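Asker: Quick one, what's the 3D model for this:
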Amino acid sequence: MLFLKIKIFNFIQEVINIYRYYKNLQFAFLDSVLKIIYLFQNPFRISKKFLLKKKEENIHQYGETPLFTFEKMIRISEVSSQDIFYELGAGRGRLCFWMHAFKRCKTVGVEQIPFFCVIADFLTKIFRLKNLRFVKGNMMHIDVSDATFIYLCGTCLSDDEVYNILKNFKKVAPKTKVLSVSYPLTEYDAASYRILKEIPVQFAWGSTVAYLQEKV
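Answerer: Next up, the predicted model:
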């Protein structure tokens, strides 16, 4: 039953995506190419294979934020073209491509899986997308000091991993905004963050809350 619900949810979201976002012809073409590439290379299997090779305990960490859910969070968070946006765990890079197309801000996707980075880099160069780049590396160690807005959908992260990410966030400037899904950063470091907004959101696996917070 859950599998069927997820299938129906994904079908509905793709219909919404085409209706809402494919009016932007560049994004429509790029997103279509991305879908064709991963029609033959399932991203969940790619991630699972990578995590198995790393001997991770949880090999089912991969997930994607629906575009209309992401749009809602970005709109409420008031991200502008002046922001420097980082996505930690960019996966295929779809959200970063959306940010480039619709927000026109400097965008950086951080992803540890080499295959995802190679494909995203290739598309960025082919489409000559400026102010968009992908960085291959662990989100706990990548320099994010120039960020003004960070998106972290780390629902599968362990407490230790979140603490390590927050150590890395010590480098970011005050007033930097961080959008986290399912838990606020104040649960881990109440002295360094204040919650600005709580945003109810919908994913394929169910409903949750996204927390917009600001570094103090």
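
Asker: Start and end of stretch 198-210, how far apart?
Answerer: Using C-alpha to C-alpha, to the nearest Å, the end-to-end distance of stretch 198-210 comes out at 6 Å.

Asker: Could I get the full set of strands for this protein?
Answerer: Taking DSSP state E as the criterion, the chain contains strands spanning 84-88, 106-111, 132-136, 149-152, 177-181, 193-203, 206-215.

Asker: OK, contacts around residue 26?
Answerer: By C-beta atoms under 8 Å, 6 or more residues apart in numbering, the residues touching residue 26 are 101, 127. C-beta: built from backbone N, CA, C; applies to glycine.

Asker: Pull up the gap between it and residue 128, please.
Answerer: According to C-beta to C-beta, to the nearest Å, residue 26 and residue 128 sit 10 Å apart.

Asker: The lowest-mean-pLDDT helix or strand in the chain to strand 206-215, inter-axis angle?
Answerer: Between all helices and strands in the chain, the lowest mean by mean pLDDT, DSSP states H and E belongs to helix 2-21, at a mean of 77. Angle between the axes of helix 2-21 and strand 206-215 is 60 degrees (criterion: axes from the mean of the first three to the mean of the last three C-alpha atoms, to 10 degrees).

Asker: Pull out the buried residues from helix 2-21.
Answerer: By 16 or more other C-beta atoms under 10 Å, the buried positions in helix 2-21 come out as 9, 13, 17, 21.

Asker: do the same with stretch 199-210
Answerer: Of the residues in stretch 199-210, 199, 201, 203, 204, 208, 210 count as buried by neighbour count, 16+ other C-beta under 10 Å.

Asker: ok, the second one touching residue 181?
Answerer: Right, residue 201. Yes. Between residue 201 and residue 181 there is a contact under C-beta atoms under 8 Å: 7.1 Å.

Asker: Overlap of the contact sets of the two?
Answerer: Common contact partners of residue 201 and residue 181 (C-beta under 8 Å, 6+ apart): 208, 209, 210.

Asker: Just give me the closest of those residues to residue 83.
Answerer: Nearest to residue 83 out of these is residue 210 (C-beta to C-beta; 16.8 Å).

Asker: The nearest residue to residue 82 once chain neighbours are set aside: what's it in contact with?
Answerer: Closest residue to residue 82 apart from its sequence neighbours, by C-beta to C-beta, 6 or more residues apart in numbering: residue 105 at 6.8 Å. Contact analysis of residue 105 by C-beta under 8 Å, 6+ apart lists 79, 80, 81, 82, 83, 84, 85, 99, 131.

Asker: what about the first one, neighbour count?
Answerer: Using other C-beta atoms under 10 Å, residue 79 has 20 other residues around it.

Asker: Show me the contacts of residue 105 that map onto helices.
Answerer: Of the contacts of residue 105, the ones assigned to helices by DSSP state H are residue 99.

Asker: Now do the same for the residue lying closest to residue 33 once chain neighbours are set aside: its pLDDT.
Answerer: Closest residue to residue 33 in three dimensions, ignoring its sequence neighbours and counting by C-beta to C-beta, 6+ apart: residue 123, at 6.7 Å. Note on residue 123: pLDDT of 96.

Asker: Low-confidence bits of this protein, can you list those?
Answerer: 1-6 (pLDDT under 70).

Asker: Now with 90, please.
Answerer: Within the chain, the stretches with pLDDT under 90 are 1-19, 40-41, 44, 51-63, 154-158, 204-206.

Asker: Many thanks, we can stop here.
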